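A.B. asks: predicted coordinates and the sequence they were generated for:
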Amino acid sequence: MVVKIVTDSTADLPAEVVRSLDIVVVPLYVRFGEELFRDGVDLEVEDFYRRLTRSALFPATTAPSPGDFYGVYSRLALETNEILSIHISAKLSGTYNSALLGKERLQSKCNVAIVDSLSTSLGLGLQVVAAAKAAKAGASLDELSQMVARSIPKAHLFGLLDTLEYLHRGGRIGKAQAFLGTLLNVKPLLEVKEGEVYPLARMRNRTRGLNTICDLVKKYPRVDELAVVYSTDGEDVEKLVEMLAPVFPKEKMYRARFGPVLGSHIGPRAVGVALLESQ
Amino acid sequence: MKALTSWDGELMRHMFAAGTAWLQKSAGEIDALNVFPVPDGDTGTNMLLTMRAAMDEAYRVGDGAGEVVQAMASGALLGARGNSGVILSQFFGGLSSSLSGKKSIAVEDLARALQVASVKAYKGVNRPVEGTLLTVIRDVAEGARGAVEISDDLITVMGFVVRAAKDSVARTPALLAVLREAGVVDAGGQGLYVLLDGALAHLKGEGEELQYRRPMLATSGLPHATRLPPMAAEEAHTWGYCTELLLRGEKLDTVRLRRRLQRRGDSLMVVGDDSLVRVHIHTFDPGGVIHVATSVGVLHQVKVENIDDQHKDFIQMQKVKAPPVNIATVVVVSGDGLAEVFKSLGATAVVSGGRTMNPSTKELLHAVESVVADSVILLPNNKNVVPAAKQVPALAKKKVALVCSESIPQGVAALLALDYGASLKTNVEAMEKACSAVRTVEITRAARPARLNGGRVKRRQPIGFLDGKLVAAGDDMKLLVEEVVGKALQDGSEVITIYYGADTEGSEAEGIAEVLRSRYPGVEVEVVCGAQPHYNYLISVE
């Protein structure tokens, strides 16, 4: 029986990847005032960014409830007896905790392994993709769990933001707090490291920021998977793709959008690169 | 859902117990919001402790609505902590006096009791301030009054009440400047909102679900301050003693007692009834307050705390929260604007100095020793300061590295390159590389006649330096700036930052920026008030 791979909507996986690898995505929630949306289900990414930049309301995000996970696991338990559930860093979201609580209520014999990826977006997504490919090839839950444990420190996520304001308002600023209040116009370059947002550098402009991201990527000589992600302004992504082409084949790169939940925290005009080193 | 048209004491106990549990989950966050009246960061905890005291009493009586609320009111009054706790105790006191003797209550009773509670809460405070817990209590009462017009279902009415509390909390920064400046909503109001929200959840039958969730605190729609909240005033400020006491007696007159204590301090509260009164005051003379109190009744529970100490604890608490700085930076800068720029970029200490006012080695050493970090990077930001700075690493008791920034633009570039997580050595390398990647334009007036490329420079004539070398002179300041910036630009230059000096008009700097923007469309131009002496313009080209 094939192990079922579950993740959450912050993995930002493109729909066709989710479909072809048979990944189950549990949505987080985005709330604008009284309106509650399931990430990527009731709210499309374009609609979201339109609201984010035009609505007077600032979005809030919430983890799925334990009940949401309970529902997903119970349904999957009818078709499999092994589930691997990989999620956004517990330091950034309550999702992992909800998954644990959801599993606790599960009355089935189905074996569920829940993993904190210590990352998010494609930093999480690439690990999920690798696990889903291995699951399709027949790997057992034990093998998959060991594989993911090894992949966690091999996944890296860098992001160039236009502003820290969204991260600050959403309370996820972490150690990048040190970059707040800068009187000059700077673009923060951040990394998700050990599950937290970590400040790397402040760039005076976007071009230099993109260059620096490329330099960071080039430090990893053996890269299995690579993804470029953006919130709004797709041209930057095309630039990045071209800049990274010498180190990683263009056709193998994933291109994705930061979904509504992450978009709420990083804001418009953000661009990022995720990579998974070879094991 | 079935309409609920009456509450008994049993239900009230359960709903406030749920509310208290809900408050417990967010007490820490509410503490962090606390900036008024004293930023001591304990509002959430105080309200929680007050509610616990109220609940203890609530379980000791029968099931009549009136007797439960009365027990809660007396428990809250006995156990009240801090300003917000006292106001909360007044709130329950008001509810209690309005609901006295009732077995069960309906929506009209609730609305009326909230009105009484609002009035009593305002009376409990010497100088009521809007934008605080008081405002939220009043808005809650108003919300209930409106709701009973349209429904007799207590759950529906409580829904309106909670909504009113949330909206009111969100409005507090608009009413109270200190909240606005700190970018927070009122902590006490937040506490009440959470308490009522938890009570409502219980009524709706969601009590079980609450254990999986955390309270979602109300936030305001106002733009938040982008700077760090002012955690505490920078200057030394003496707050005196926080004095609290409980007074028992007969025919105590709270109005008269308040009048007698009024001039003895701040944040005065005198609350209670004719047999039991609680006093809270921030005063420099706790003895005087106690003296007045003993003259009218018998003292119980006297608490005198040095607010300075509380304040220090608060600052200590905030320090723990702030990201730890392993590497401190000491920068040499002259000009208020430039000092602000460097501080905003994370400079730990600023030593005043520059072209003509060179700080001594001793001054630099003192700054290095005074910062709280084992490793320090020193940025002289001026060629003339470098010699004095070079002496510091050998003399200092801690690890000091010198990054020889020779100009303000180099210093800014270096500071931007600092990576808090990296080692001192890695940082020095990155910062030196950053220094060399920036070109510096300095525009000033000639102090004395000079020669330039065979021509003559008159005294007071505008002159321009590029990376320390005199490259141009001219009579028109604007044209000179444009000329020297033109020389500084290279292929791949992307950002020009213009820091204009203390004697220079911002409008002139903006005019120059406009010219540069239209002349070099691919380049970003930023104008910042540096307020530096001597130099009309300091310009970085990166």
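C.D. replies: Okay, I see it.

A.B. asks: chain neighbours aside, what residue packs nearest to B:Tyr122?
C.D. replies: The spatially closest residue to B:Tyr122, leaving aside those adjacent along the chain, is B:Pro128, at 5.1 Å (CB to CB, 6 or more residues apart in numbering or on different chains). Just so you know, the C-beta spots here come from the backbone N, C-alpha and C atoms, and that holds for glycine as well.

A.B. asks: quick one: the one you found and B:Arg138, what's the gap?
C.D. replies: Distance of B:Pro128 to B:Arg138, computed by CB to CB, to the nearest Å: 10 Å.

A.B. asks: domains of chain B?
C.D. replies: What automatic domain parsing lists as the domains of chain B is B:7-210, B:241-315, B:323-436, B:439-541.

A.B. asks: buried deepest among those domains, which one?
C.D. replies: domain B:7-210 (a mean of 22; mean count of other CB atoms under 10 Å in any protein chain shown).

A.B. asks: any low-confidence regions in the stretch 51-200 of chain B?
C.D. replies: B:82, B:126 (pLDDT under 70).

A.B. asks: the helices in it, which residues?
C.D. replies: B:65-79, B:82-99, B:107-123, B:133-147, B:154-175, B:177-182, B:187-203 (DSSP state H, counting those that start in this stretch).

A.B. asks: how about these in CSV, adding distance to B:Glu244?
C.D. replies: Below are the helices of the stretch 51-200 of chain B laid out as CSV (distance: least, CB to CB, whole Å):
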stretch, distance to B:Glu244
helix B:65-79, 12
helix B:82-99, 9
helix B:107-123, 18
helix B:133-147, 17
helix B:154-175, 25
helix B:177-182, 23
helix B:187-203, 17
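
A.B. asks: just want the phi and psi numbers for the residue of the stretch 251-400 of chain B at minimum distance from chain A.
C.D. replies: Per CB to the nearest CB, B:Ser344 is where the stretch 251-400 of chain B lies closest to chain A, at 4.1 Å. Note on B:Ser344: its backbone torsions stand at phi -70, psi -20 [degrees, to the nearest 10].

A.B. asks: again with A:Lys4
C.D. replies: Note on A:Lys4: its backbone torsions stand at phi -90, psi 130 [degrees, to the nearest 10].

A.B. asks: does it touch A:Asn81 like I think?
C.D. replies: No - counting by CB atoms under 8 Å, A:Lys4 stays clear of A:Asn81, with 9.5 Å between them.

A.B. asks: when those two are compared, which one has more neighbours?
C.D. replies: A:Lys4 (25 against 15; other CB atoms under 10 Å in any protein chain shown).

A.B. asks: any idea what the more buried one is bridged to?
C.D. replies: Beta-bridge partners recorded for A:Lys4 (DSSP bridges): A:Ile83.

A.B. asks: cool, and A:Pro199?
C.D. replies: Here A:Pro199, judged by DSSP bridges, has bridge partners A:Leu190.

A.B. asks: wait, doesn't it sit right on A:Ala178?
C.D. replies: Yes - in this structure, A:Pro199 is within contact of A:Ala178 by CB under 8 Å, at 5.7 Å.

A.B. asks: neighbour count for these two, which is higher?
C.D. replies: With neighbours defined as other CB under 10 Å, A:Pro199 and A:Ala178 compare such that A:Pro199 has more, 25 against 22.
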